[in-house]
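Sharing a model prediction with you, sequence too.
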Amino acid sequence: MGLLLSFERRIYGVFEGLAERRAAHRGQPAHLVTGERGEQAAFFHLRALGYTVVGRRWRSERLTSDLDLVAWDGDTLVFFEVKARTARDRAPAESQVDPHKQRLLRQMAAAYMRQIPERYRASVPLRFDVLAVYLLPGGTEFQHFPNAFPRQAPARRRW
């Protein structure tokens, strides 16, 4: 397994360079290039940790957002929101997953779960994680926030 992951990381380095050049050629904004690089790094990081990634940039026909990564952690299905940064001096990456983004992710997860036969859906444990990826000059750093927010939104208080 270690040899395969080492090979994957080398291949990732080659593809990362190609992706950056392709994005620059297309005139893609720098923040989108950073996001793509962060998602690629997150994919290989999670694989190295033993996650089974089953979805990347998953989209629903009915919703406008996407799921960055979907992976199995044992018998738990984890929906990852990847937040990439090229520096640590701005607002923390994980702080960008506000209640509005959480609502979108819950909707996307519900759409994803509709692919699973109905009789099994309720028995699949779910989790929402945030993975902050810092693409720094000295190397890539990861900060993982498991169970970053609950499966269901907290009940709203009515006065």
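Okay, I see it. Numbers count the residues shown, from 1 in each chain.

moving C-terminal of the helix or strand of the chain with the lowest mean pLDDT, what's the next helix or strand?
When the helices and strands of the chain are scored by mean pLDDT, DSSP states H and E, helix 2-26 comes last with a mean of 56. Using DSSP states H and E, the helix or strand that follows helix 2-26 in sequence is helix 30-48.

Parallel or antiparallel, which strands does whichever helix or strand comes after that following helix pair with?
For helix 30-48, the following helix or strand on the C-terminal side (DSSP H and E) is strand 52-59. Partner strands and pairing direction for strand 52-59 (DSSP bridges) are strand 66-73 (antiparallel).

for the strand it pairs with, the distance to its chain's centre please.
Centroid separation for strand 66-73 versus its chain: 6 Å, with Cα atoms, centre = their mean, to the nearest Å.

low pLDDT regions in the chain?
Scanning the chain for pLDDT under 70 picks out 1-26, 155, 157-159.

hmm, try it at 90
1-35, 61-65, 85-96, 150-159 (pLDDT under 90).

Residues touching the host helix or strand of Arg119, excluding its own?
If you go by DSSP H and E, Arg119 is part of helix 118-121. For helix 118-121, the surrounding residues in contact (Cβ atoms under 8 Å, 6 or more residues apart in numbering) are 113-114. Backbone N, C-alpha and C define where each C-beta goes, glycine included.

Heading C-terminal from that helix, find the next helix or strand.
strand 126-136.

Mind listing the residues bridging to the nearest residue in space to Thr52 that is not next to it in sequence?
Sequence neighbours aside, Trp72 is the residue nearest to Thr52 in space, at 4.3 Å (criterion: Cβ to Cβ, 6 or more residues apart in numbering). Counting by DSSP bridges, Trp72 is bridged to Thr52, Leu77.

What count of nearby residues applies to Ala122?
8 (other Cβ atoms under 10 Å).

If you tally nearby residues, what's the number for Thr34?
Neighbour number of Thr34 under other Cβ under 10 Å is 17.

go on, Gly55?
The burial count for Gly55: 17, using other Cβ under 10 Å.

Repeat that for Leu104.
17.

Report the separation between it and Gly139.
Counting by Cβ to Cβ, to the nearest Å, the separation of Leu104 from Gly139 is 31 Å.
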